[in-house]
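[1] below is the structure, and that's it, no one-letter string:
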C-alpha cells in the first residue's frame, strides 16, 4: 500500500473490525496446527456437543477478506497475510491519528502504556463481545465446547511465534502487570486453576470505553459528573488566588511529564464554601470534565473498596476527566483501617488520576504518600460578613420574586452561611412562598429568614435545647443600667459589618470577633428572660446548653463536646446560652492530684475557645464570685440582675397577668409590691398558682388566692411566713 493510497479509519468501529480480521488470520493459522487428521464419520450423532472442522472452516471463510491471500491454506501464505494486514493496520492508524480521527484502542494503549502483545491479548478477549462466532472458534481451539473465552495458553499460542516469546510474554498475566493492576482484564477462573488454563474477559468499563457503554450500577451510585457553574471568573475568590491556581493547572496540563507526575489539589473549608465549584472552574480552564466520587457512598456500597475505587479513577483517566473526591473526611483518622484506606487511595491516584481534587472540612497533611508528586493545600474559609453581604446581593440581583423590604445586610449579619447554603436558603424560601401562591410566588422577609434558619442549627439542636423567645422589651423589668447594657449588646451584633468590615477594625483582631456576656444575679431575676428578649430583638435563635450532655467524667470528653457546641454555634450564628455557668467556668484550683490537673485543663480549654469564638455567647450564674477571673476579663459585658425594687415589682405583678384573666376588684397590687420582696421568677410562680387556686373554687382570682400562693412560695424558698408580714391580709393565710 503506497503512502498516497493510505486511507484513514472513519471511526473506532472500522478499526476494530480490521483488528478482528487480523485475529481471524491468526486463528486460522492456529486451526491448521490444531486440525484433526480426519473428520468423525459419526459427527451428526454428536451435533451440538462439539464443533466440527467443517463448521470452523465455514466460520473462518465467512469472516475472510479479499486481501488475505490464503487460499491454499498453507502456513507461508497465512504468514504473509498476517504481516501485510499488520502493516496495513499500522499505516491506517497512523493516518487516522494525523487526520485527528479518535480511535479508542490506540488511546487506551497510550493511556496505560500497553505493549503490542498486551494490546493483542486485549483484542482477543474483546472478540466474543463483538461477535458470537468467536466463542465457537475459541471453544474449538480449546477442544472444549464450554470454554468460549480465550485462555492464557491460547493467547500465547496465537501471538507468540517461539517458546522464548511465550516465556517472556507470560509476565503480562501476573497480578501486578498492567492489564490486571489497571483492571483492564480479569480472570473468569479462580486460583485453583493453572495459570495457563485460566480464561480471560475485559472489564465492563473497558468494554464500554471501546464499544461506547457506561459504568456498572454499583459504581454509578458513587460516581457523577459536575454540572454546576464552571466559570472561574465568577467565583468569589481573590483574583490573585484564581490566577495562581489557573496558571498552575494550565502549565501542568501542557507538561509532557505529567504521565508519571500527578497534580493533587487539597481544598479544605466548611461545606458549601465552593470547593467543588472551584475545582470545576479550574477544569474549565483546560477544557476537562470533572467526575465526582462520593467516598462515603463508596465505603457503604462497595464490597471491595480498593477495586471499586481504582475502577472509578480509571474511568476518569479514560474520559479523560479530573476527579473530585467528595467526603474525604471519612478516611481521616489514626485508626489502622483509615490509614490503610488512605494508602490504598493514594496508590490508586498515583496509578490512574492525572488531576485530583481532595475535599475536606479541616486541614490535613498527607505525609510522604505524595512526595514524588505535586500536592497543593488550599484553604477555602467561609465568607466573612462583608463577603456574605456581597454574595447575597449577587444571588438576588435581577430576581423579581423578592419583596423590597428584605434587608440583605441584615441577613448577612444574622446568618453565617456559606454560598452553597445561601442558595439552598433561597430555594427553601421560594418553596415556602410557592406553597401560598404556586403561580406567582413572592418571597417575603419571613420566608427568607425561615430558609436561612433551615440551613443553620442543623446539628446544634442535638447538643443544646432551643429556646422559644416570645417575650419583648415590654416584658422585662430591670434597672436602667442593666437595660442599657442589653441594648448595647444588640447594637454590637447589628453593627458588626460596619465596625469590623467597613471601618477596618476586623483587620486588627487576631482572635475571634465574637461577643461574650455574663449575666449574674439571684435566681429568678430575669437572666433567661433577657436571653429570650435579645434573641427576639435580633431575630436569632437561642440555644441553652444542656450541661448533662456536655460534662463527662471521662478525660477529654468534655472538651470534645464543648468543641462541637462552639463549632455548631459559630456555623449557625445562634446565641449560645450557658445557664449555671459556674459549673463550667468555675475557678481553677491548686493542683493536688490528677483530678485537679484535668479539671484545670478543661477550664484552660474553655478560656482558649472563648477567645476564638465568633458568635454571641451568654453565661448566666447565681454566684458571681465563683466565676474564674480569667473568664470575667474576657467578657465584653457583665450585666447584674438585682432584686427588683418596689416600683419594679409593681410592674412585674401587672406584666404577669394576662388581659383575659378574671381579676377580682379586691386585689391590692400596692400591698403585693411593697410587702412581698421577691424576684420576678417567684412572682410569676405566685401568679400562676393563684390562677389555679381560683380555677378550682372561684370564678375570679381574688386577693386570698394571691396570699395563699405567696405562702406556698415562701415555704418553698425557706422563708418564714410571719403574720405581721401579711397584715392586714394575714387572716387569708
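    That came in fine, so what should we check first? Please read these numbers as outputs of a predicted model, since none were measured by experiment.
[2] could you pull out the strands for the chain?
    Assigned by DSSP state E, the strands in the chain fall at 185-187, 200-202, 223-225, 263-268, 290-294, 322-326, 355-360, 374-379, 464-466, 515-521, 542-545, 575-578, 616-621, 637-641.
[3] now tabulate those strands in JSON lines and tack on mean pLDDT.
    Shown next, in JSON lines, are the strands of the chain (pLDDT from 0 to 100):
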{"stretch": "strand 185-187", "mean pLDDT": "93"}
{"stretch": "strand 200-202", "mean pLDDT": "94"}
{"stretch": "strand 223-225", "mean pLDDT": "72"}
{"stretch": "strand 263-268", "mean pLDDT": "94"}
{"stretch": "strand 290-294", "mean pLDDT": "91"}
{"stretch": "strand 322-326", "mean pLDDT": "94"}
{"stretch": "strand 355-360", "mean pLDDT": "94"}
{"stretch": "strand 374-379", "mean pLDDT": "93"}
{"stretch": "strand 464-466", "mean pLDDT": "86"}
{"stretch": "strand 515-521", "mean pLDDT": "91"}
{"stretch": "strand 542-545", "mean pLDDT": "89"}
{"stretch": "strand 575-578", "mean pLDDT": "90"}
{"stretch": "strand 616-621", "mean pLDDT": "90"}
{"stretch": "strand 637-641", "mean pLDDT": "94"}
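[4] how close does the residue nearest the centre of the chain sit to residue 74?
    Taking Cα atoms, centre = their mean, the centroid of the chain lies closest to residue 327, which sits 4.4 Å from it. Distance of residue 327 to residue 74, given as Cβ to Cβ, to the nearest Å: 63 Å. From N, CA and C alone the C-beta is placed, and that goes for glycine too.
[5] again, but for residue 453
    According to Cβ to Cβ, residue 453 stands 85 Å off from residue 74.
[6] what residues of the lengthiest helix in the chain count as buried?
    Counting by DSSP state H, the longest helix found in the chain is helix 75-99. For helix 75-99, burial by neighbour count (16 or more other Cβ atoms under 10 Å) applies to 78, 81-82, 84-85, 88-89, 91-93, 96-97.
[7] got those as TSV, with pLDDT and distance to residue 406 columns?
    What follows is the buried residues of helix 75-99, written out as TSV (pLDDT from 0 to 100; distance: Cβ to Cβ, whole Å):
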residue	pLDDT	distance to residue 406
78	82	82
81	87	79
82	87	77
84	89	77
85	89	73
88	91	71
89	90	68
91	92	69
92	92	66
93	91	63
96	91	60
97	88	58
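[8] which residue ranges of the stretch 101-250 of the chain form helices?
    Counting by DSSP state H, counting those that start in this stretch, the stretch 101-250 of the chain has helices at residues 104-112, 116-130, 133-142, 152-159, 163-169, 178-181, 204-211, 217-220, 239-254.
[9] any chance of these in a markdown table, with mean neighbour count, mean pLDDT and distance to residue 467 too?
    Formatted as a markdown table, the helices of the stretch 101-250 of the chain follow (neighbours: other Cβ atoms under 10 Å; pLDDT from 0 to 100; distance: least, Cβ to Cβ, whole Å):
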| stretch | mean neighbour count | mean pLDDT | distance to residue 467 |
| --- | --- | --- | --- |
| helix 104-112 | 17 | 90 | 59 |
| helix 116-130 | 20 | 94 | 65 |
| helix 133-142 | 21 | 89 | 73 |
| helix 152-159 | 20 | 93 | 72 |
| helix 163-169 | 13 | 91 | 75 |
| helix 178-181 | 18 | 92 | 59 |
| helix 204-211 | 20 | 88 | 54 |
| helix 217-220 | 13 | 54 | 45 |
| helix 239-254 | 14 | 90 | 40 |
